[in-house]
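Visitor: Sharing a model prediction with you, sequence too.
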Amino acid sequence: MSTATRAAAAGHAQRLGLALALLYVFLWASAFVPSKVLSTEGQPLWMLVIRFLLAGAVLIALARAAHRHFPTDARGWLELLLLGVLTNALNLGLTYISLGHLSSGMGAILASTNPLILALLAPRLLSEPLTKRKGLGLLLGFGGVVAIMIVRAGTGTARPQDVAINVLGVLAAVSSTILYKRIQSRHDVVAATAAQLTCAGLVLIPAAFLLEGSFRLVATPELMGSMAYLVLIVSVGASLLWFWLLTHGEASRVSAFYFLTPAFGLALGALLLGEHVTAHDLLGLAAIALGISLVQSG
């Protein structure tokens, strides 16, 4: 293969990776609106149990049909159990609890702190270098997030207790990213995603009983539509896309796109839920966009 051909192939792969990363962040950010519906109209933890078990069943069927390989030893299943607890049970469980009072836009903003936390841990835990340019971009992106949070802190859409619960969920997500990067070579993406979603659903059942009592369902069109979207588009589609991106790129670079979560989250919250977007939000988002460009070029 000639040098020109290799360069063209590398350029195509980079553009494809960028497009898929943007698609993932859009899908992830779009989940905050239906998640807000489920957290306010239904029982948040029970809604997650149903979501994870349905998505896990869909992926298990796909994995079996495609002859994908599930773990054959206790260590492999323990890894996927831990991944499911961190990625879904803790991350989304805490997020759903916080969204009972937190606006969907603010939830999206807090989720975007993920790349900064990961970048601080990646050099030691994943041997991914933190260059000055990448560090500056991460700080700029985080500064944009903080600027938006400061303006919104006194609006009732960001109570300290709800923010704290949400941040714990973000820490669980960061931990899951680090774990996956360390174990990815031992697991098929489809089988691993199917197993960790199923494990997360099963693990959440006792917590749902304890905190919310017996399962009750009022099947409104909004609730059922939100559930269908979250199962098929987010838990199945976006989860597979996320783990594929992690398999093919540095965790810190891929995670930097989380800084775009507020842009999509605020826009969808304003469009679908009537949540207010201010000029301060737009300035913060501009800083976030510049920060991402620095991370990707660093």
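Guide: Cool, the structure landed.
Visitor: Do you know the pLDDT at the residue nearest to residue 101 when sequence neighbours are not counted?
Guide: Among residues not flanking residue 101 along the chain, residue 162 sits closest, at 4.9 Å (CB to CB, 6 or more residues apart in numbering). C-betas here are computed from N, CA, C, even on glycine. You'll see residue 162 listed with a pLDDT of 82.
Visitor: How many neighbouring residues does the closest residue to residue 234 other than its chain neighbours have?
Guide: Leaving aside its chain neighbours, residue 234 sits nearest to residue 31 (4.5 Å; criterion: CB to CB, 6+ apart). By the criterion of other CB atoms under 10 Å, residue 31 has 27 neighbours.
Visitor: for residue 216, same thing?
Guide: 9.
Visitor: for it, helix, strand, or coil?
Guide: coil (DSSP: H, G, I helix; E, B strand; the rest coil).
Visitor: Let me know how buried residue 45 is, in neighbour terms.
Guide: Residues near residue 45, counting by other CB under 10 Å: 23.
Visitor: State whether it and residue 213 are indeed in contact, as I suppose.
Guide: No - with contact defined as CB atoms under 8 Å, residue 45 does not reach residue 213; the gap is 10.4 Å.
Visitor: quick one on the thing from earlier: quick one: contacts for the residue nearest to residue 101?
Guide: 98, 100-102 (CB atoms under 8 Å, 6 or more residues apart in numbering).
Visitor: quick one: the helices in the stretch 151-298 of the chain?
Guide: Here the stretch 151-298 of the chain has its helices, by DSSP state H, counting those that start in this stretch, at 160-183, 189-212, 221-229, 239-248, 251-255, 261-273, 279-297.
Visitor: Using JSON lines, please lay out the ones you listed together with distance to residue 120.
Guide: Conversion of the helices of the stretch 151-298 of the chain to JSON lines gives the following (distance: least, CB to CB, whole Å):
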{"stretch": "helix 160-183", "distance to residue 120": "9"}
{"stretch": "helix 189-212", "distance to residue 120": "25"}
{"stretch": "helix 221-229", "distance to residue 120": "33"}
{"stretch": "helix 239-248", "distance to residue 120": "18"}
{"stretch": "helix 251-255", "distance to residue 120": "9"}
{"stretch": "helix 261-273", "distance to residue 120": "18"}
{"stretch": "helix 279-297", "distance to residue 120": "13"}
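Visitor: which one of those helices lies closest to residue 77?
Guide: helix 189-212 (7.3 Å; CB to CB).
Visitor: Whichever helix or strand residue 76 is part of to helix 189-212, inter-axis angle?
Guide: Using DSSP states H and E, residue 76 sits in helix 74-84. Helix 74-84 runs at 60 degrees relative to helix 189-212, counting by axes from the mean of the first three to the mean of the last three CA atoms, to 10 degrees.
Visitor: next helix or strand past the helix or strand residue 106 falls within?
Guide: Using DSSP H and E, residue 106 sits in helix 104-111. Using DSSP H and E, the helix or strand that follows helix 104-111 towards the C-terminus is helix 114-125.
Visitor: Could you report the neighbour count for residue 179?
Guide: Neighbour number of residue 179 under other CB under 10 Å is 17.
Visitor: do the same with the one 4 residues further on
Guide: For residue 183, the number of neighbouring residues by other CB under 10 Å comes to 16.
Visitor: which residues touch it?
Guide: Contacts for residue 183 were tallied using CB under 8 Å, 6+ apart; they are 79, 83.
Visitor: so how far is residue 177 from it?
Guide: 11 Å (CB to CB, to the nearest Å).
Visitor: Same check on residue 196?
Guide: Taking CB to CB, one finds residue 196 at 13 Å from residue 177.
Visitor: Same check on residue 116?
Guide: From residue 116 to residue 177 the distance is 13 Å (CB to CB).
Visitor: now swap in residue 232 and tell me
Guide: Applying CB to CB to residue 232 and residue 177 gives a distance of 23 Å.
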